[in-house]
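Participant: Let's see this in three dimensions:
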Amino acid sequence: MAKQNSSKNAPKKDERNIVGPDQVEIQDLEDSAIMFWEKYKSTILASVAFIFAVFLGYQGLKFMQARAEKQLQDGYAAANDSDAKAAWAADESGEALSGFAFKELGDEAFEAGDYSKAEGYYREAVEATEAPVDEAATVALAVVLIAQDKTDEAKGLLQPIADNPAAFAQAEAQYRLAYLASEEGDAVTARSLIEAIDEQAFFWKTRAQAIEQKLPEA
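Facilitator: Numbers count the residues shown, from 1 in each chain. Here you go, the predicted structure:
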């Protein structure tokens, strides 16, 4: 009698409802994500809309700032003589570029010997400009004040710059103060200021050493 094939007669396994543990975890995550979305979708959408609006607002602000700066530069470039530059600088008073224009106008007035007008322009420049132009304008104001015998105010402007190692115009401020000290007969202060001038500030150091040679012996 033929031997029956046990493998053919064995009941087949029912694999229809068997789900692996990985699939269960994925399904749970999907269900959790759907529930989270349904619960918080309004908040999420509102947050996205807010971020998008902020981004657009920031980009718009940058565009407007760039446009305003371009218009300011165009206005400065169009002011091609002293009167036009003065009118433009007055209209744009408070802007950094207007301060630079005031500094240039002060230089022109100083060279022309109009110290009073130069003083006014330099004061406007100091108020409006940013570093390092504000320091240059401050030193220029001090110089024109010295020319008008207003030395006390000049010293008050120069001293903070001379004391600041990070100041762009420190060496010039030290030189100007050394000059005033030498004129007042204060050789000790003049020498101290001259010694403090950095060797790398070759121009001002050389000029200061010329003052030092004229000082009386210690």
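Participant: Helix, strand, or coil at G185?
Facilitator: The three-state label given to G185 by DSSP: H, G, I helix; E, B strand; the rest coil is coil.
Participant: what number of residues lie near it?
Facilitator: Residues within reach of G185, counting by other Cβ atoms under 10 Å, total 10. For the C-beta atoms, the positions are set from N, CA and C on the backbone; glycine is no exception.
Participant: Let me see the contact set for it.
Facilitator: With contacts defined as Cβ atoms under 8 Å, 6 or more residues apart in numbering, G185 has no neighbours.
Participant: What values do phi and psi take at it?
Facilitator: phi 80, psi 10 (degrees, to the nearest 10).
Participant: For K214, see how far away it is.
Facilitator: From G185 across to K214, the span is 12 Å (Cβ to Cβ, to the nearest Å).
Participant: How about D114?
Facilitator: 30 Å.
Participant: which of the two has more neighbours?
Facilitator: Higher neighbour count among D114 and K214: D114, with 15 against 9, using other Cβ under 10 Å.
Participant: tell me the pLDDT at that one?
Facilitator: pLDDT recorded at D114 is 97.
Participant: same question, E92
Facilitator: 76.
Participant: Secondary structure element for the closest residue in space to it that isn't next to it in sequence, which one?
Facilitator: Among residues not flanking E92 along the chain, S98 sits closest, at 4.0 Å (Cβ to Cβ, 6 or more residues apart in numbering). Per DSSP states H and E, S98 falls inside helix 96-111.
Participant: Would you mind listing the buried residues in that helix?
Facilitator: 97-110 (16 or more other Cβ atoms under 10 Å).
Participant: And for stretch 87-95?
Facilitator: Buried, per 16+ other Cβ under 10 Å, within stretch 87-95: W88, A89, E92, E95.
Participant: burial count for A86?
Facilitator: 19.
Participant: Could you do E124 as well?
Facilitator: By other Cβ under 10 Å, neighbour count at E124 equals 24.
Participant: tell me the pLDDT at it?
Facilitator: 91.
Participant: Same check on the one 3 residues further on?
Facilitator: Model confidence at E127, expressed as pLDDT, equals 88.
Participant: That one sits in which helix or strand?
Facilitator: helix 115-128.
Participant: by contact count, what packs against that helix?
Facilitator: helix 96-111, helix 133-147 (3 or more Cβ pairs under 8 Å, 6 or more residues apart in numbering; DSSP states H and E).
Participant: Not counting its neighbours along the chain, what's nearest A171?
Facilitator: A201 (3.4 Å).
Participant: which regions of the protein lie under the pLDDT threshold?
Facilitator: Applying pLDDT under 70 to the chain flags residues 1-34, 36-41, 44-79, 94, 218.
Participant: Let me see the domain layout of it.
Facilitator: 45-78, 81-149, 151-218 (automatic domain parsing).
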